[in-house]
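**Student:** below is the sequence, then the predicted model.
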Amino acid sequence: MVAGWREWVRLPGLGPSGIGPVKAKLDTGARTSALHAFDLHEFERDGLAWVRFSIHPWQRSAEDAVYVECPVHDRRTIRSSTGHTQERFVVLTELELLGHTITTEVTLTRRDEMGFRMLVGREALRQGFLVDSGRSYVGGRPPRKVRRKNRGRTGATS
């Protein structure tokens, strides 16, 4: 499937009813996908490590936070494009892109200063996607009802 360099994605396995649509950058230079998350707290459930965190799915908006709990799949030291290293939680979740659902690893990090709430890396993209860097939103925009719901949010755009 051919995708643009930016697309709308969903994370159906996170939160009470899934998360999305979320504006994402498809980045073949990044190995692992990354999701904007804050208030991260690790805890134990049935002898396993879990993480509790919050997500603001709307770009440039702190409204409509979604609270999530899920098992910790791994912890990794990630080197950013600026050369900084950071240890991050890794969760395993479903990602829906262009109507196709895959299971992929996603690191959790604060992406407040980044242009996109989510970055989809090449490990996810290699599951059937080709990125055309000259195109955007090949999969279209979210439904009008969703865009209208977001209008008027503090600092939000659709």
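**Tutor:** All right, it came through fine.
**Student:** contacting residues for the residue nearest to residue 131 when sequence neighbours are not counted?
**Tutor:** The shortest distance from residue 131 to any non-neighbouring residue, by Cβ to Cβ, 6 or more residues apart in numbering, is to residue 26 (4.9 Å). (Glycine included, C-beta is placed from N, CA and C.) Applying Cβ atoms under 8 Å, 6 or more residues apart in numbering to residue 26 gives the contacts 3-7, 120, 125, 129, 131.
**Student:** which of those fall within helices?
**Tutor:** residue 125 (DSSP state H).
**Student:** turn the contacts of residue 26 into CSV, including pLDDT, neighbour count and distance to residue 38.
**Tutor:** Formatted as CSV, the contacts of residue 26 follow (pLDDT from 0 to 100; neighbours: other Cβ atoms under 10 Å; distance: Cβ to Cβ, whole Å):
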residue, pLDDT, neighbour count, distance to residue 38
3, 97, 24, 27
4, 97, 17, 28
5, 97, 17, 26
6, 94, 19, 22
7, 96, 24, 23
120, 98, 29, 20
125, 98, 21, 26
129, 98, 19, 28
131, 98, 19, 28
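**Student:** can I get the strand ranked longest in the chain in CSV, CA atoms only?
**Tutor:** Secondary structure assigned by DSSP state E gives strand 85-97 as the longest strand of the chain. In CSV, the C-alpha atoms belonging to strand 85-97 read as follows (Å, rounded to 0.1, in the frame of the first residue of the first chain):
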residue,chain,number,x,y,z
THR,A,85,19.5,9.2,24.3
GLN,A,86,16.5,8.4,26.4
GLU,A,87,15.2,5.2,28.0
ARG,A,88,11.6,4.6,26.9
PHE,A,89,8.8,2.2,27.7
VAL,A,90,7.8,0.1,24.6
VAL,A,91,4.3,-1.2,24.3
LEU,A,92,2.9,-3.6,21.7
THR,A,93,-0.3,-2.4,20.1
GLU,A,94,-2.5,-2.4,17.0
LEU,A,95,-2.0,0.4,14.5
GLU,A,96,-4.5,1.2,11.8
LEU,A,97,-3.2,2.9,8.7
